[in-house]
Every structure is written in C-alpha cells, then in structure tokens.
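Peer 1: coords below, sequence missing:
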C-alpha cells in the first residue's frame, strides 16, 4: 500500500495522515488474521492433501509452527516505522547491484501481505529494512523520508518524519525514539526492533560464519543484540538452522524466563533455551577430570579428533535394504543408498543430525 509522504505542518493534514496510518494498521492486522486462518485451515486438512504419511507429518509440523509464528499481540504495534524511497538505493545495501528501490514500506516485526500477496508490512530483517536503521542525512541510501511511529498499548498515537533527502535527521532529538528507549523495563525483556542503532545493526546482521562476542556494562543491550542476531540468522538461513537447531544457553532459569518472550514476539517459536546445569543433567556425571585432562579435552583440536572418530563408524552400504511402509515393503538398491549417504556427507551436518537425515530420506 502506497501513501503520500507527509510534507505539511497543517494540523488538519496531520490528523488526516495519522488517520490514514491507523487505517493501514487495522488493515494489516486483518491481513495477518487471514494469513493465520489460512495456515490453520492447511494444518487441519494437511493429512488429506499429502501424498504419504511422511509428507503429511512434515506438512503438519510446518503448518503448526506457521500458526504459532502468525499469532498477533494487540498490545504490540504491528509496525513501528516507514520508509519512503524516491530513487536508487545505495548499492552496497542491495542484494542486486541493479536494483532500484522505490515506493513506501512499513517496517515491522513480521512480514504481512494482503489477499493478492502484496506486502503491507515488511519484516525488520528484510534487506530493504536495513535502511531504517542505517540511513542518515549523510548517507540516505535512497530514502527520502523515514517515519517513526509512537504507540500506546498497540494504538498508533503519533509519528515523526525525517526528510533525509533535505538533510533532516533527528537522531537523539527524536522524541519517539527517546521515549521508546527510555520506556520503563518491567516484567519480561522486550524486543528492541524499533530502536536498534547502526552499530547494533552491524552486529545483528553479521555473516553466519562470524562468531560475535558482545561485551559491555550491565543494561547496555548485550543480550538483546544476541537474541535479535539469532532471529535475523533464522530469517536468513531458516532451512539450514532448522536442520541443526538453535540453542540459547543462559546462566539460570530466572534469566531464561526473563528473555523467553523476545523471540516469540518476533515470530521465532522453535528456539530451544537451556541452562548449563540442565544440559549437563541429561547425562549422569560419573567422574571429574583433573586440570591437565580437562584442558586437553577443551582444546579446539579435540573437535577434529572426535569428528574423525565418528567418521570411522559410518560404513558404506554393501547390499540393498528392505523398508516397511504399512502394508508395503520397499526394496532400496545400492545406487540410491550411496547417493543419499554422499549427499548427506556433503552437507557437513553434525553426526546425529546426519544420521536422522539418512533415516528420513
């Protein structure tokens, strides 16, 4: 949905613009409800359209997760910003060097589309949303106007515009941004998608291969940045990370309870959380190593030793196998068995994940 950029200080025009944005918010919530209802319908009928039991199980699991991801909290704003693009975006921030970004995009916590599939809200993790956090008067990245919205318990109450193409940039003078940053933190931790700063955005969007260590004093946003990085990586590498899984390790259960609502609010509902004690408690401790032995086991080279030890246990198929599927029995020849094994090896999966992959195939 395209709206005209706000350029007037006339109170009547401002009221009309605010009413237009409120209408867009209501339309977006209605669209999100439709998306969730479609997902619920597919979840209810998945076993009737799937070709086999395995496909039905996978479809059911996917749609159950999708229904959870599309849950709406009426007390949380569905979008918190808007970008007006008037020309070519900075090519450093585009997936395609020839892309020209034009139009108006509402930036929010998740992607919402209308009945025709047109975007009504853009996910904060999408490439085009990066300009909401990094564009400036010095480097507008194709953005003519950046708008921030003020909310009170989910109700849109105000907005502020920065005309970056005219050199206008509020920065810390933004009342909406300052109010959101300074809003009293009571109860569980909230997401910070509306207030991510450029230096935080660099950490959140760092490449998957980069290991990030965030240091700082208490209350500086270290945990929030880490959680939003997990959400961003799940958005960008969902299939890969869903296969291997994502685990958040906290110092104690009280801490995990404090942060538990952040990722679900961003639509990520399948991230595991655990304390170190809970991880260790899964296996009985029968002995404690001395310092020298413990140091050796924690040496980074030990990972390669263990990998090679596990590789020894992976054998090559030497004869066909029979697989039962209800009333049928299927004979799988050597050629497809070798192919499945080789494809799984090329993915470089952890041993247990690879073993389950072969079984599923």
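Peer 2: In hand now; what should we look at? Model, not experiment: these values are computed from the prediction.
Peer 1: Contacts only, for the closest residue to residue 228 other than its chain neighbours.
Peer 2: Residue nearest to residue 228 in three dimensions, not counting chain neighbours: residue 204, with 4.9 Å by C-beta to C-beta, 6 or more residues apart in numbering. Where C-beta positions appear, they are placed from N, C-alpha and C, glycine not excepted. Residues in contact with residue 204 (C-beta atoms under 8 Å, 6 or more residues apart in numbering) are 196, 225, 228, 229, 232.
Peer 1: Out of those, give me the one that has the most neighbours.
Peer 2: The residue in those with the most neighbours, by other C-beta atoms under 10 Å, is residue 228 (25 neighbours).
Peer 1: Show me what the helix ranked longest in the chain packs onto, helices and strands only.
Peer 2: For the chain, the longest helix by residue count, based on DSSP state H, is helix 11-49. Under the contact definition 3 or more C-beta pairs under 8 Å, 6 or more residues apart in numbering; DSSP states H and E, helix 11-49 sits against helix 53-69, strand 79-86, strand 102-108, strand 112-113, strand 119-123, strand 155-163.
Peer 1: and those, which is most packed in?
Peer 2: strand 79-86 (a mean of 23; mean count of other C-beta atoms under 10 Å).
Peer 1: What pairs with that one, parallel or antiparallel?
Peer 2: Using DSSP bridges, strand 79-86 pairs in its sheet with strand 102-108 (antiparallel), strand 143-152 (antiparallel).
Peer 1: Centre-most residue in the chain?
Peer 2: The residue lying closest to the centre of the chain (C-alpha atoms, centre = their mean) is residue 231, at 3.1 Å.
Peer 1: so it makes contact with residue 125?
Peer 2: Yes: contact criterion C-beta atoms under 8 Å: residue 231 and residue 125 qualify, at 6.9 Å.
Peer 1: Residue 83 pairs with what?
Peer 2: In beta-bridge terms (that is, DSSP bridges), residue 83 pairs with residue 105, residue 146.
Peer 1: Closest to residue 335 out of the contacts of residue 204?
Peer 2: Residue 335 lies nearest to residue 232 out of the contacts of residue 204, by C-beta to C-beta, at 40.6 Å.
Peer 1: give the contact list for the closest residue to residue 279 other than its chain neighbours.
Peer 2: With C-beta to C-beta, 6+ apart as the criterion, residue 279 has its nearest non-adjacent residue at 7.2 Å, and that residue is residue 249. The contact partners of residue 249, by C-beta under 8 Å, 6+ apart, come to 273, 274, 275, 276, 279.
Peer 1: The fourth one: neighbour count?
Peer 2: Okay, so that is residue 276. Per other C-beta under 10 Å, the neighbour tally for residue 276 reads 11.
Peer 1: Assign the residue lying closest to it once chain neighbours are set aside to helix, strand or coil.
Peer 2: Sequence neighbours aside, residue 249 is the residue nearest to residue 276 in space, at 6.3 Å (criterion: C-beta to C-beta, 6+ apart). Counting by DSSP: H, G, I helix; E, B strand; the rest coil, the backbone at residue 249 sits in strand.
Peer 1: Show me the beta-bridge partners of residue 249.
Peer 2: Bridge pairing for residue 249 (DSSP bridges) gives the partners residue 274.
Peer 1: now it: how far from residue 230?
Peer 2: 12 Å (C-beta to C-beta, to the nearest Å).
Peer 1: So which of the helices and strands packed on helix 11-49 is nearest residue 260?
Peer 2: That would be helix 53-69 among these, by C-beta to C-beta, at 13.9 Å.
Peer 1: and the nearest residue to residue 350 once chain neighbours are set aside, how many neighbours?
Peer 2: In space, and not counting its chain neighbours, residue 350 is closest to residue 244: 6.4 Å by C-beta to C-beta, 6+ apart. As a burial measure, residue 244 scores 13 neighbours (other C-beta under 10 Å).
Peer 1: do the same with residue 37
Peer 2: Per other C-beta under 10 Å, the neighbour tally for residue 37 reads 12.
Peer 1: how near is it to residue 115?
Peer 2: Applying C-beta to C-beta, the value for residue 37 to residue 115 is 12 Å.
Peer 1: got the buried residues for the longest helix of the chain?
Peer 2: 17-18, 21, 24-25, 28-29, 31-32, 35-36, 39, 42-43, 46 (16 or more other C-beta atoms under 10 Å).
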